[in-house]
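Asker: Structure for the following, please:
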Amino acid sequence: MSLRQKKPKLIVICNSITISFIIVISVLSLSSIELFGANNILYFDKFYHFFAFFCLAFPLSLLQSRRIIWVFLGVITFGGSIELIQSFMDRQASLTDFVANVAGATAGVITARKLGNWL
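Answerer: Predicted coordinates for the structure are as follows:
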């Protein structure tokens, strides 16, 4: 099979991964469950935000190189929306969470772009 024949299947897989990440991030960000103890919450929380949005931005950015800016803008809009919605729920919106989201999305897009050029 040529790459041209494989690409539609890879896009479906990447879309499925992205949708799964959107669901998981939404549930975890909007629930009021404490998933970790009181020690070093701030540092681990920002790492989790960074990692989650890296994973969200990476798959589609890897295969949709022509639409990479739209993927990036969509991911950071999603992150901002989550933070705004949290202010209306039992959670607190945080600018530092949003900054970690943007940093993770940026790293995911850049990594995908570099890896895509190499592949």
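Asker: dump the residue contacts of the closest residue to L56 other than its chain neighbours.
Answerer: Spatial nearest neighbour of L56, excluding adjacent residues (C-beta to C-beta, 6 or more residues apart in numbering): F21 at 4.6 Å. From N, CA and C alone the C-beta is placed, and that goes for glycine too. Listed by C-beta atoms under 8 Å, 6 or more residues apart in numbering, the contact set of F21 reads A52, C55, L56.
Asker: Select from those residues every entry located in helices.
Answerer: A52, C55, L56 (DSSP state H).
Asker: show me where pLDDT drops low in this structure?
Answerer: 1-6, 33-43, 117-119 (pLDDT under 70).
Asker: All the strands of it, in order from the start?
Answerer: Remark: no strands are assigned in the chain by DSSP state E.
Asker: So which residues make contact with stretch 101-119?
Answerer: So stretch 101-119 is in contact with 49-59, 61-63, 65, 68, 71-72, 75-76, 79-80, 82-83, going by C-beta under 8 Å, 6+ apart.
Asker: are any of these buried, and which?
Answerer: 49-50, 52-59, 61-63, 68, 71-72, 75-76, 79, 82-83 (16 or more other C-beta atoms under 10 Å).
Asker: quick check: longest helix of the chain.
Answerer: helix 3-30.
Asker: Give me the buried positions along it.
Answerer: C14, T18, F21, I25, S29.
Asker: can I get those in CSV with distance to A112?
Answerer: Shown next, in CSV, are the buried residues of helix 3-30 (distance: C-beta to C-beta, whole Å):
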residue, distance to A112
C14, 10
T18, 12
F21, 14
I25, 18
S29, 22
